[in-house]
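1. my questions concern the predicted model and sequence given below.
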Amino acid sequence: MRETLLELFKKTGKPHRLEEILRRFGLEKREAKAYLKALVREGLLEKKGSQYFLPNRVQGPISLHRDGYGFVRLPEKDLFIPPGYTGEAWPDDLVEARVMPPGRDGRPWGVVERVLKRARERLVGTLDFRKGYAVLLPDEPGLPELRLLPEGLHGLKRGSRIVVKVHYHRRPYGEFLEYLGEGDAPETETEAVIAKYGLRAEFPEEVLKEAEAIPLEIPEAELRRRQDFRHLRVFTIDGVDAKDFDDAIHLEVLPTGYRVGVHIADVSHYVKEGSPLDQEALQRGTSVYLPGRVLPMLPERLSNGVCSLKPHEDRLVLSVLVDLDQELHIQRVRFAEGVIRSVARLTYTEVEAFAEGFGLPEEHAFLAQDLKELLDLTQRLRQKRLEAGSLDFSFPEVKVEVENGTLHLIPQEEPRARSLIEELMLLANQVVAEHLVKKGLPGLFRVHEEPLEEAYGKLRTALARLGYALPEKLSAKALQRVLLEAKGRPEEPVVANLVLRSLRLARYAAENLGHFGLAMEHYLHFTSPIRRYPDLVVHRVLKAILRRSLTPAKKARWQETFPAIAEQASEMERKAEAAERELTKYYMAKWAELHLGERFRGKVTGVASFGAFVMLRNGVEGLVRLEALGPYTYSEEALALLGPKGKRIRLGDEMEVVIAAANPRLRQIDFLPYREEVHKEEARAKPARGKEAKEVAMRKVVGPPKDRNRDDRPERATVNTVYFGEWTPKDEGPVHRPAETRTRRRRRRR
């Protein structure tokens, strides 16, 4: 009866009196009151006067402040949790909170009633000993010290970096799992980041065995079964350091227009659904590109071997052939299981040089006409996309390369070459999504919903302070117009970041919800199955249609399992992005350590009540604290720091700074404003001598290493990838700074 009563309240959603309960269910008064009292006692119902009703509860991740209060993050408006009412929650735990009536300030507040899901199963930190107990000092600020079980700690010294499993009881404790190293050496820090985000560094033995059993040669029967594209000029364009080529292209000029071929590595031919390889790929979700280290989704035999579209070697592909007329309207789309033999491996650097009027290397000169046509065609495709309302973010892109412990920050300047490939990949992704929707097939879609009303309102207010107007009604075209208006102006990056922060996260979903940022009704990821699991899933669906093997049972099974796969892929993508960003910040702080006292020019990227954030031209960002600036005060209305005699520091302003301090462990860099008269005095100080000075001089490098063969460069991660939405939690105070996002990396992720 308790469940029946509770179901009544959930179904009607309104309060009920005792008398109504008695009439509806024919219960004795004493019996009904006993049931209702038990439900109230368990917190499942509440009573006010003579009415019983469901408590007003919300669910969401919680942010906690060091002063004891917190906020439950909700889609519309965050719920304030006062000190003493956060329960046993830790930062970012998923909690359920009861919404309380507004207090004297007129605002509702909440009480955390239970933790639904812990954000952390494992913790990384430093080992310490207190009063005979071993404790973990977590790397993450805001987390409590954790008492440890003694097992496994024998022989470890104070200061060791370790990983522990967290046991959440009345008093949480930790269980030793892994020793990482000492201090904050780059190798130790990399292992710490991998452990913190639960990334998978090594492949299980059974997965490696399955990969090694895959033959390198393609059976003749399989080649005959597929459409043969080996007679066409199919080629790849990737970064100079790329090793896994999962997309190739070709162009045919037709009497009425063009035929564009996008050929994607047929990973699904080798990775069978439900196999150990497939299960491991699902767990990983995506390849992770850390500075100096890559954690691939698939073992190297596949990712850099049989699946990689290497030049002059036969490779199996899933191809999309799109016929376009002279105005670039789609006339026909065809899909095929095919085989290609890439005629050349081009780099973005070569293609960009060609776009600027230089010739191709002699061995690739035969592709000059194809490239000329493709550069023109893709620029026109891009223009059509922008006119439809697709948002275009132009952020500076910087690659992070680590060589023998030395950090190189390399500006990325190949816009036309990268745009060529991106437009063709967007086209392929779009037509595949349209095909699945038209056929009523299950799929994993890349969705990007409209900004929330509150976020759009805040954006309108912020842009109005900078002199840009948005209509009351949300419009992608209006956002694109503002981005175009700001182009070339000092505040361009600020406007772009404000727009970016107003957007929701792009994610994977089993239902087609459209892509607001790209202004596309149908969109998914199809073009990178070597490094993204959702692309592999879409390949399986498309091949089932091509082979006419999609049975009702298989369709029903996919419809049932795809929502969980979408959630897993989205979660792993978030973790990968956070790990890449965090380790990049660490290396940037290490770079700053080597340049202490040096002077650089940068731009103000954020202002707050405690100072100004400044980004250097190489992507390194630091804080100029308010006390270092002088008598400035923060003005939220002006989005600026206001100083004496009309001086102001605004978003987008240039500022010369000196690197004052760096803390790699905390990922923090402090700047000081450059003042010539002060630094003339400091220049007279005694310089470093001997071995120490020589070592510092050798390691202070910005730019690519000299005399290195392009293909021998280690893998790189990229700073500042443009991503729809932001991963980081909301700011605790009124800090108006752009999200820590990054422009498109070599690994395209729209």
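-> That came through, no problem. Fair warning: this is a prediction, and the values are worked out from it, not measured in the lab.

2. quick check: mean pLDDT of stretch 111-130?
-> The pLDDT scores in stretch 111-130 average 92.

3. okay, how far is it across that stretch, tip to tip?
-> One end of stretch 111-130 to the other measures 33 Å (CA to CA, to the nearest Å).

4. also stretch 191-204?
-> 18 Å.

5. what do you get for stretch 612-624?
-> Terminal residues of stretch 612-624 lie 5 Å apart, using CA to CA.

6. list the buried residues in it.
-> Within stretch 612-624, the residues that count as buried by 16 or more other CB atoms under 10 Å are A612, F613, V614, M615, L616, N618, G619, V620, E621, G622, L623, V624. Just so you know, the C-beta spots here come from the backbone N, C-alpha and C atoms, and that holds for glycine as well.

7. now do stretch 499-517
-> Using 16+ other CB under 10 Å as the test for burial, stretch 499-517 gives 499-504, 506-510, 512, 514-517.

8. let me know the closest of the residues you listed to G643.
-> The nearest member of those to G643, counting by CB to CB, is R501 at 26.3 Å.

9. which of the three states applies to the closest one?
-> helix (DSSP: H, G, I helix; E, B strand; the rest coil).

10. gap between it and L64?
-> 22 Å (CB to CB, to the nearest Å).

11. what do you get for P299?
-> Look at P299 and L64: by CB to CB, they are 40 Å apart.

12. chain center to stretch 545-558, what's the gap?
-> Distance, stretch centre to chain centre, for stretch 545-558: 32 Å (CA atoms, centre = their mean, to the nearest Å).

13. no no, stretch 576-592
-> Mean C-alpha position of stretch 576-592 versus that of the full chain (CA atoms, centre = their mean) differs by 14 Å.

14. may I see the buried residues of that stretch?
-> Applying 16+ other CB under 10 Å to stretch 576-592 flags 576-577, 579-592 as buried.

15. wait, L6 sits on E42?
-> No - judged on CB atoms under 8 Å, L6 makes no contact with E42 at a distance of 9.8 Å.

16. start and end of stretch 655-672, how far apart?
-> With CA to CA, one end of stretch 655-672 sits 10 Å from the other.

17. avg pLDDT for it?
-> For stretch 655-672, mean pLDDT is 94.

18. cool, and stretch 387-406?
-> Across stretch 387-406, pLDDT averages out at 74.

19. swap in stretch 280-290?
-> Here the average pLDDT along stretch 280-290 is 96.

20. contacts for the helix or strand where L346 lies next, please.
-> Assessed by DSSP states H and E, L346 sits inside strand 344-347. The contact list for strand 344-347 (CB atoms under 8 Å, 6 or more residues apart in numbering) reads 235-240, 245, 310-311, 360, 363-364, 367, 710.

21. if any of those are buried, give me the PyMOL selection for them.
-> Selection of buried members from the contacts of strand 344-347 for PyMOL, criterion 16+ other CB under 10 Å:
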select buried, resi 235+236+237+238+239+240+245+310+311+360+364+367
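
22. narrow the contacts of strand 344-347 to those in strands?
-> Here DSSP state E is the test, and those give F235, T236, I237, D238 as lying in strands.

23. farthest-separated two in the buried residues of stretch 499-517?
-> V499 and A510 (28.4 Å).

24. which member of the contacts of strand 344-347 is positioned nearest P664?
-> Closest approach to P664 among the contacts of strand 344-347 (CB to CB): G239, at 26.9 Å.

25. and the pLDDT at that closest one?
-> pLDDT at G239 comes out at 87.

26. residue contacts, I545?
-> By CB under 8 Å, 6+ apart, the neighbours of I545 are K439, L441.

27. which SS state does it fall under?
-> Classification of I545 by three-state DSSP places it in helix.

28. how close does it sit to P563?
-> 21 Å.

29. relative to I669, how far out is K438?
-> In this view, K438 and I669 are 51 Å apart by CB to CB.

30. show me how far the longest helix anywhere in the chain is from its chain's centre.
-> In the chain, taking DSSP state H as the definition, the longest helix is helix 552-593. The chain centroid and the centroid of helix 552-593 are separated by 7 Å under CA atoms, centre = their mean.

31. where does pLDDT dip in this protein?
-> By pLDDT under 70, the weakly predicted segments of the chain are 2, 13, 43, 394-398, 404-407, 411-413, 676-750.

32. centre-most residue in it?
-> Centroid check for the chain by CA atoms, centre = their mean gives E577 as the closest residue, at 3.9 Å.

33. between K438 and I669, which is the more surrounded one?
-> Taking neighbours as other CB atoms under 10 Å, K438 and I669 compare with I669 leading, 26 against 9.

34. can you tell me the element the more buried one falls in?
-> Applying DSSP H and E, one finds I669 within strand 668-673.

35. contacts for that strand?
-> With contacts defined as CB under 8 Å, 6+ apart, strand 668-673 is touched by 588-589, 592, 602, 614, 620-625, 628-629, 655-663.

36. may I see the buried residues of that strand?
-> Of the residues in strand 668-673, those buried (16+ other CB under 10 Å) are I669, D670, F671, L672, P673.

37. could you do stretch 520-535 as well?
-> Applying a neighbour-count criterion of 16+ other CB under 10 Å, one finds 520, 522-535 buried in stretch 520-535.

38. how far does it sit from its chain's centre?
-> Distance of stretch 520-535 from its chain centroid, counting by CA atoms, centre = their mean, is 15 Å.
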